[in-house]
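Enquirer: Sequence first, predicted coordinates after that:
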2 protein chains.
Amino acid sequence: MQCCEIAHTEAVEDYLRTIFKLSGRGLPVTTSAVAEQLGVSPPTVSAMLKRLEASELIDRSGGRAIALTAHGDRHAAGVTRRHRLVETFLVQVVGFGWDEVHAEADVLEHAISERLEERIDDLLGHPTHDPHGDPIPPRTGEHVESWAAALGSAAEGSRFRVQRVADDDSNALRYLADRGIKPGTVLEVVRREPFGGPIWVMVEARSHALGPTLADLVHGETA
Amino acid sequence: MQCCEIAHTEAVEDYLRTIFKLSGRGLPVTTSAVAEQLGVSPPTVSAMLKRLEASELIDRSGGRAIALTAHGDRHAAGVTRRHRLVETFLVQVVGFGWDEVHAEADVLEHAISERLEERIDDLLGHPTHDPHGDPIPPRTGEHVESWAAALGSAAEGSRFRVQRVADDDSNALRYLADRGIKPGTVLEVVRREPFGGPIWVMVEARSHALGPTLADLVHGETA
DNA sequence: CAACCAGATTAGATGCGTCTAATCTAATCC
DNA sequence: GGATTAGATTAGACGCATCTAATCTGGTTG
């Protein structure tokens, strides 16, 4: 069965984007990881993976790990592109906060036509990154989905430039935005408490203690 | 079974909006009419109508005619509201032509959240009509879906103000827009050819011959 | 009135996407 | 190396939305 023999249903797009996302973050891409991410049961994922494999969108020759084929990667990047364009559009044009757009985009990514996708891209001036700092895959051509180092592992005393913040948790995003932490922010790592304690950072002359969970959502490089 | 026990799937919303649309135009609302409109088979409609009736969204006590209950009408008006708000948004904010938005809105109407619906409404300044002149149902309260007289039945020599143009056919919309015929246009009915012949109208000092099919898409009142 | 016809429904089937319960597999650990 | 255990799959089921083929229903017409 070739790719184009599978219906590009919302579910198929959801699975592809999830696999794309996990791969991009360097996380293990397994049945259970996908199930967890999508909030469905492992058998459901098993069944879908079988169909994706039959359509040559994924490759499972590497043991438990699931990899996108070149074909699958193109489609997954397409869905991701729409997701991130929609997020950018909702923030820049519609006036939503960066913490409000993820769930909205999760639905809209399946609902916009190619024409609307292009129009939004034009309207926004062909953005390269969404409001969370995630790179927007180009319509054609190569795309690299790299995550820089997490703030959670930055050295004490270093200056850290935020590039990207994981967009999964609205509350975390709101919390971080309230403290001025967003892509582009440069902060100072004052102190790292041991034993899973918080990391103290200085942003615009104010210091904040971020728990390790939160600190791991923030990625960037030493500035 | 009460209304809220039925899932508000896309299909359910599609059926409700279709029934709403046919009723609003004063057309017969029957199994086959709905099937035709939605492009599905009559048995499929039969099955869905049974579920809609069990959920008390429609009432079929009037022989073959299908009527929305008060409850069903509220839901149908909600879907229609989203459809028309999206159309307006796509034209006014995104820059689409009025002939391009119907198909787009058919999908997006199911995908926008209540929050986004409200935000779009605010952004547009609470419009009362969409680009085709169709009234946008208010979020709460009464809504009247009335179609004025068709241009096809306007008297020779009368002046006719266009209020509303049926949005089903992109090509027809483009054709009409090219000739300056859209809501608000005032035109003069020069001559009606008999035997299903065209109707001659004068718009901005240019005259055009419109076939009866086309003329029946244009609704308004003598000005 | 009987036959016909249009329109609606029932019967039976399919594919998708999901579930739970049971089973299989493969890595880990004493 | 055998037992445990985590993870994946198979088995069996369900609801939604759709189809085709067959049947039912009700009005019109010769």
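Expert: All right, it came through fine. Numbering: from 1, shown residues only, chains lettered A, B, ... in the order given.

Enquirer: now stretch A:48-62: how far from the chain's centre is it?
Expert: 22 Å (Cα atoms, centre = their mean, to the nearest Å).

Enquirer: end-to-end on that stretch?
Expert: For stretch A:48-62, the first and last residues are 18 Å from each other (Cα to Cα, to the nearest Å).

Enquirer: got the contact list for residue A:107?
Expert: Residues near residue A:107 by Cβ atoms under 8 Å, 6 or more residues apart in numbering or on different chains: B:111, B:112, B:113. (Glycine included, C-beta is placed from N, CA and C.)

Enquirer: how about the residues you listed in CSV, adding neighbour count and pLDDT?
Expert: As requested, the contacts of residue A:107 are arranged in CSV below (neighbours: other Cβ atoms under 10 Å in any protein chain shown; pLDDT from 0 to 100):
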residue, neighbour count, pLDDT
B:111, 20, 97
B:112, 22, 97
B:113, 14, 97
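
Enquirer: Closest to chain A out of those residues?
Expert: Checking the contacts of residue A:107 against chain A with Cβ to the nearest Cβ, the nearest one is residue B:111 at 3.7 Å.

Enquirer: For that closest one, which non-adjacent residue is closest in space?
Expert: residue A:111 (3.7 Å; Cβ to Cβ, 6 or more residues apart in numbering or on different chains).

Enquirer: Low-confidence regions, chain A specifically.
Expert: A:1-5 (pLDDT under 70).

Enquirer: Could you list the contact residues of it toward DNA strand D?
Expert: Where chain A comes near DNA strand D, counting by Cβ under 7 Å from any atom of the strand, the residues are A:30-33, A:42-43, A:45-47, A:49-50, A:60, A:64.

Enquirer: at 10 Å instead, please
Expert: Contacts of chain A with DNA strand D, taken as Cβ under 10 Å from any atom of the strand, map to A:28-36, A:41-50, A:53, A:60, A:63-66.

Enquirer: How many residues are close by whichever residue of chain A sits closest to DNA strand C?
Expert: The nearest approach of chain A to DNA strand C comes at residue A:9, 2.8 Å away (Cβ to the nearest atom of the strand). When neighbours are defined as other Cβ atoms under 10 Å in any protein chain shown, residue A:9 has 10 of them.

Enquirer: how about it, phi and psi?
Expert: Per-residue torsions, residue A:9: phi -70, psi 170 (degrees, to the nearest 10).

Enquirer: measure it to DNA strand D for me?
Expert: 11 Å (Cβ to the nearest atom of the strand, to the nearest Å).

Enquirer: Same check on residue A:188?
Expert: Remark: distance between residue A:188 and DNA strand D (Cβ to the nearest atom of the strand) = 37 Å.

Enquirer: Then residue A:26?
Expert: 16 Å.

Enquirer: what's the answer for residue A:7, then?
Expert: 13 Å.

Enquirer: Around DNA strand C, pick out the residues from chain A.
Expert: Residues of chain A lying near DNA strand C (Cβ under 10 Å from any atom of the strand): A:1, A:5-15, A:35, A:38-48, A:50-52, A:54-55, A:63-64.

Enquirer: now the helices for chain A?
Expert: Under the criterion DSSP state H, helices of chain A are mapped to A:10-24, A:31-38, A:42-54, A:70-92, A:101-108, A:114-123, A:170-178, A:212-215.

Enquirer: okay, the ones you listed, which one's buried deepest?
Expert: helix A:70-92 (a mean of 22; mean count of other Cβ atoms under 10 Å in any protein chain shown).

Enquirer: Just want the angle from that one to helix A:42-54.
Expert: 120 degrees (axes from the mean of the first three to the mean of the last three Cα atoms, to 10 degrees).

Enquirer: So what's the gap between helix A:70-92 and the chain middle?
Expert: Chain-centre distance of helix A:70-92: 10 Å, with Cα atoms, centre = their mean.

Enquirer: Where does chain A get nearest to chain B, which residue?
Expert: Here chain A gets closest to chain B at one residue, residue A:111, 3.7 Å apart by Cβ to the nearest Cβ.

Enquirer: Domain boundaries for chain A, per the record?
Expert: With domains defined by automatic domain parsing, chain A comprises A:1-145, A:149-222.

Enquirer: And the ones you listed: which comes nearest residue B:125?
Expert: domain A:1-145 (13.9 Å; Cβ to Cβ).

Enquirer: OK, contacts around residue A:23?
Expert: With Cβ under 8 Å, 6+ apart, residue A:23 has these contacts: A:29, A:67, A:68, A:145.

Enquirer: filter the residues you listed to the buried ones?
Expert: The neighbour-count criterion (16 or more other Cβ atoms under 10 Å in any protein chain shown) marks A:29, A:68, A:145 among the contacts of residue A:23 as buried.

Enquirer: quick one: which of those is nearest residue A:100?
Expert: Distances from residue A:100 to the buried ones among the contacts of residue A:23, taken by Cβ to Cβ, are shortest for residue A:145, at 23.5 Å.

Enquirer: Skipping adjacent residues, who's closest to residue A:11 in space?
Expert: Once flanking residues are discounted, residue A:11 sits nearest to residue A:48: 6.8 Å by Cβ to Cβ, 6+ apart.

Enquirer: For stretch A:169-188, which outside residues touch it?
Expert: A:97-100, A:102-103, A:129, A:131-133, A:157-167, A:201-204, A:206, A:208, A:214, A:217-218, A:223.

Enquirer: same thing but 7 Å
Expert: A:98-100, A:102, A:132-133, A:159-165, A:167, A:201-204, A:208, A:214, A:217-218, A:223 (Cβ atoms under 7 Å, 6 or more residues apart in numbering or on different chains).
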